[in-house]
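Chemist: Turn this into a model:
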Amino acid sequence: MEFLLVWIAVHTLRLLPRSLARRIGAGIGSIALKRLGRLRKVGLQNLHLAFPQMPEADRLRILENVYRNLGWLLAEFCQMATYTPESAGKFIRYDGLEHYLAARERGKGVLVLTGHLGAWELSSFYHSLVGYPMGLVIRRLDNPLVDRFVNRIRCLHGNRVIHKDDFARGLIASMRAGETVGILMDTNMTPPQGLFVPFFDIPACTASGLARVALKTGAAVVPGFLLWEEREQQYILRFGEELTLEHTGDSEADTMANTALFTAVIERYIRQYPDQWLWMHRRWKTRPPGEDRLYR
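Modeler: Predicted coordinates for the structure are as follows:
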């Protein structure tokens, strides 16, 4: 039944004009903001932690835009199977593609540092649509039918899924083959997979796998985010310059330093586009030993 509902929703929004599908998606987001009180509370609490000096009205406005953007992303996902390079190129453009291409030319693989910011589902899909397929590190969905259905859409143009339960082996193999893999590195983790590094000046337990793989393989790490630009009324797939990693020979210290670097880069993008990050995620759930929990 769950799969059937997802299938009907996706195919219904797919049949509509894109503009109408996005308006419906925004409406669904608005309803979710009002009805899902627990998530709204977490979102406002996170915004207070990150921006303690910000007026409450501004935090609420950011959260309203977050839900609107999530509704748009829902619509885009439902319509992705119909996109061509020409049609998608009317509302998506690159900025900094040369950074990605230069990193790829090194031949040691590319790790795209990204997060739940902007239209993350559409970013890897568009990149594959125009000829740059990549691997995606994904957590399996609880419903296997829905999981296969969603991944089939993600992988229509050559993308492939690397499940988190096969993370290290799949990632190292991809880098040795000179491939590209995108990693969402902005979710709460637990030790020993996670290390505590600053995120908005608060210790956040953060996945260290990307840093460990980059140090082991020599792969390039390039920030990449698909962001909505209100002034242009279009998405921009923005690649930053390849990051310079810490290499001192102390593997644990280097892993910690580079994990902190990657988190700081993500924070910098979030500060620039605060209404496009998934504030409803309990990012600071895991606390260092001895600290009180933040969410109750």
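
Chemist: Please count neighbours and contacts with C-alpha atoms only from this point.
Modeler: Fine.

Chemist: Would you map the strands across the stretch 101-250 of the chain?
Modeler: 110-114, 135-138, 160-163, 180-184, 194-199, 202-207, 220-229, 234-239 (DSSP state E, counting those that start in this stretch).

Chemist: so who does Arg140 touch?
Modeler: 147, 163-164 (C-alpha atoms under 8 Å, 6 or more residues apart in numbering).

Chemist: Give me the buried subset of the residues you listed.
Modeler: Taking 16 or more other C-alpha atoms under 10 Å as the criterion, what is buried in these is His163.

Chemist: want to throw the strands of the stretch 101-250 of the chain into JSON lines with distance to Thr12 and mean pLDDT?
Modeler: Converted to JSON lines, the strands of the stretch 101-250 of the chain look like this (distance: least, C-alpha to C-alpha, whole Å; pLDDT from 0 to 100):
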{"stretch": "strand 110-114", "distance to Thr12": "30", "mean pLDDT": "98"}
{"stretch": "strand 135-138", "distance to Thr12": "25", "mean pLDDT": "93"}
{"stretch": "strand 160-163", "distance to Thr12": "26", "mean pLDDT": "92"}
{"stretch": "strand 180-184", "distance to Thr12": "29", "mean pLDDT": "97"}
{"stretch": "strand 194-199", "distance to Thr12": "39", "mean pLDDT": "97"}
{"stretch": "strand 202-207", "distance to Thr12": "37", "mean pLDDT": "97"}
{"stretch": "strand 220-229", "distance to Thr12": "24", "mean pLDDT": "98"}
{"stretch": "strand 234-239", "distance to Thr12": "23", "mean pLDDT": "98"}
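
Chemist: among those strands, which is the most enclosed?
Modeler: Burial of these is given as mean neighbour count (mean count of other C-alpha atoms under 10 Å); strand 110-114 ranks first at a mean of 27.

Chemist: Check which helices and strands that one is in contact with.
Modeler: Judged by 3 or more C-alpha pairs under 8 Å, 6 or more residues apart in numbering; DSSP states H and E, the packing partners of strand 110-114 are helix 97-105, strand 180-184, strand 220-229.

Chemist: tell me the angle it makes with strand 234-239.
Modeler: 130 degrees (axes from the mean of the first three to the mean of the last three C-alpha atoms, to 10 degrees).
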